[in-house]
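Enquirer: Predicted coordinates and the sequence they were generated for:
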Amino acid sequence: MGAVPDVKRKAMLVERPGAMRAIESILKPQSDYAFYDMIVGNHGTGKTTLIRHVGHQLDGILYVNISPNSVSEETFAEEFAKAFHWTPATHFWHGEAADDREILVKVFNEFHNQAKVFKKNKGRSPVLVLDNIDCLAQANPKLLNILQDMAKDAADDGLYITVFVTSEGGAPIQMLGRSARSRLGKVMEIGDMNHDEAIDFLCNKRAVSESVAQDIYSLVGGHVGLLVSAVNELDSGQDFAGVRELLLGDARRVLRKAGMEQGGQFREAGIQIANHIFKHGRISRSDLYRISGSKSQGDQLLSLNIFTNVPRSRWVFFDTKLMEITVRALVENPSDQMMIGTFPEIRK
Ligand SMILES: Nc1ncnc2c1ncn2[C@@H]1O[C@H](COP(=O)(O)OP(=O)(O)O)[C@@H](O)[C@H]1O
Ligand SMILES: [Mg+2]
């Protein structure tokens, strides 16, 4: 039943044994496990790669990636049906059902039947992985509620286990605020790689020199996605100074899009929150809400990839080391128009 697409270019992957073991324990639950789980981590920390790498080797895992194109009930149902290789006649999708909700219910019913057969044959429940559910929190929160309720019922009935994969912010906040959280089991966090893992990746997998590897680490920390971007730029002929400008430019674009430029929506609040984090190392979610003006404004700010909230905790930090460096430059030169070349030297 199902199959998880494998990771490409396996030889380039850095080993993350601790994270891999934790993911394996989530994807291979005990036969009587009756909860649904969550895997949480910022964008680009390597969640999808780890899940595919581990999940590809296991039987009974269904993997559904939710993209901005599959956030309606119908498009989600289509992706879901594909994941367990169910291909109903075309008129099923176009015309037969009364509405999108009915299509979704029918696909789930078919999945329930297959899950029962799997369980009877293998003596354990299949696992349904829903990746990138943060797309739903923003574009179709009702569907996320439905999926969470389905996950709870399936856990209650011992039918299948659902694993929700998400960035920190909107989706976990929405899900943890509902009564269906009573059936939430594990919440696993995928964070940055540590220093040694990052240097090992740069030097041994991507043939970067030790000194450039240290420079890269002091710019982006152990964020896998940014390490990969940095190395790809080096490979295309940039020197470290060029890579640094490119990455800082990307981060500045995020700030600009988020309304932290002069006169932007979150300029004042963003700088005040940043100053608090510089001073105290972190800020509580309630202080962030207060400074932002309201909870909804604060949640919006939390979804803009500048700050990040650790789930089930009240603390907020910078999203990445790179973002911290970029915001520090903005705070230290408030009149600056986020021009290139105004960044302080990176601290080692
Ligand atoms: N263990 C790893 N070793 C090497 N590269 C990795 C590893 N994990 C992720 N990457 C790379 O980092 C980038 C982001 O990873 P991804 O799994 O998409 O993150 P997420 O799902 O958390 O957003 C991708 O380019 C991916 O190939
Ligand atoms: Mg992903």
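Expert: Thanks, I have the structure now. Ligands and ions are numbered 1, 2, ... in the order given.
Enquirer: got a pLDDT number for Pro172?
Expert: Per-residue confidence (pLDDT) for Pro172: 88.
Enquirer: Checking it next. Helix, strand or coil?
Expert: Under DSSP: H, G, I helix; E, B strand; the rest coil, Pro172 falls in the helix class.
Enquirer: Check the contact between it and Gly41; I expect there is one.
Expert: No. Between Pro172 and Gly41 there is no contact under CB atoms under 8 Å: 10.7 Å. The way it works is simple: take the backbone N, C-alpha and C, and place the C-beta from them, glycine included.
Enquirer: that's a helix at Arg244, yeah?
Expert: Yes. Counting by three-state DSSP, Arg244 is found in a helix.
Enquirer: Count the neighbours of it for me.
Expert: When neighbours are defined as other CB atoms under 10 Å, Arg244 has 21 of them.
Enquirer: Got phi/psi on Val231?
Expert: Note on Val231: backbone dihedrals following degrees, to the nearest 10 are phi -70, psi -40.
Enquirer: for it, what are its contacts?
Expert: Taking CB atoms under 8 Å, 6 or more residues apart in numbering, we find Val231 in contact with 202, 206, 208, 216.
Enquirer: how about the residues of the stretch 201-348 of the chain that lie near ligand 1?
Expert: Contacts of the stretch 201-348 of the chain with ligand 1, taken as CB under 6 Å from any ligand atom, map to 224-225, 228.
Enquirer: Okay, the closest residue to Lys295 other than its chain neighbours and Ile271: tell me how far apart.
Expert: The shortest distance from Lys295 to any non-neighbouring residue, by CB to CB, 6 or more residues apart in numbering, is to Tyr289 (5.0 Å). Distance, Tyr289 to Ile271, using CB to CB, to the nearest Å: 16 Å.
Enquirer: what's next to stretch 5-14, contact-wise?
Expert: With CB under 8 Å, 6+ apart, stretch 5-14 has contacts from 49, 52-53, 56, 63, 193, 197-198, 200-201, 205-206, 224.
Enquirer: and it with ligand 1, contact?
Expert: Yes. For a cut-off given as CB under 6 Å from any ligand atom, stretch 5-14 has contacts with ligand 1, namely 12-14.
Enquirer: List the buried residues in that stretch.
Expert: Neighbour-count burial for stretch 5-14 flags 7, 13-14 (criterion: 16 or more other CB atoms under 10 Å).
Enquirer: Can you give me the end-to-end span of that stretch?
Expert: 18 Å (CA to CA, to the nearest Å).
Enquirer: Same check on stretch 56-70?
Expert: The straight-line separation of the ends of stretch 56-70 (CA to CA) is 22 Å.
Enquirer: And for stretch 188-199?
Expert: End-to-end for stretch 188-199, by CA to CA: 24 Å.
Enquirer: And that stretch, how far out from the chain middle?
Expert: How far stretch 188-199 lies from its chain's middle: 15 Å, per CA atoms, centre = their mean, to the nearest Å.
Enquirer: so who does Glu189 touch?
Expert: Taking CB under 8 Å, 6+ apart as the test, what Glu189 contacts is 39-41, 310-311.
Enquirer: And the pLDDT at Lys348?
Expert: On the pLDDT scale, Lys348 gets 37.
Enquirer: And Glu96, by the same measure?
Expert: Reading off the model, Glu96 has pLDDT 61.
Enquirer: where in the protein is pLDDT low?
Expert: Within the chain, the stretches with pLDDT under 70 are 1-2, 11, 90, 95-98, 311, 335-348.
Enquirer: Excluding chain neighbours, what is closest to whichever residue of the stretch 51-200 of the chain sits closest to ligand 1?
Expert: Going by CB to the nearest ligand atom, ligand 1 is nearest to Ile190 of the stretch 51-200 of the chain, at 6.4 Å. Excluding the flanking residues, the one nearest Ile190 by CB to CB, 6+ apart is Gly41, at 3.5 Å.
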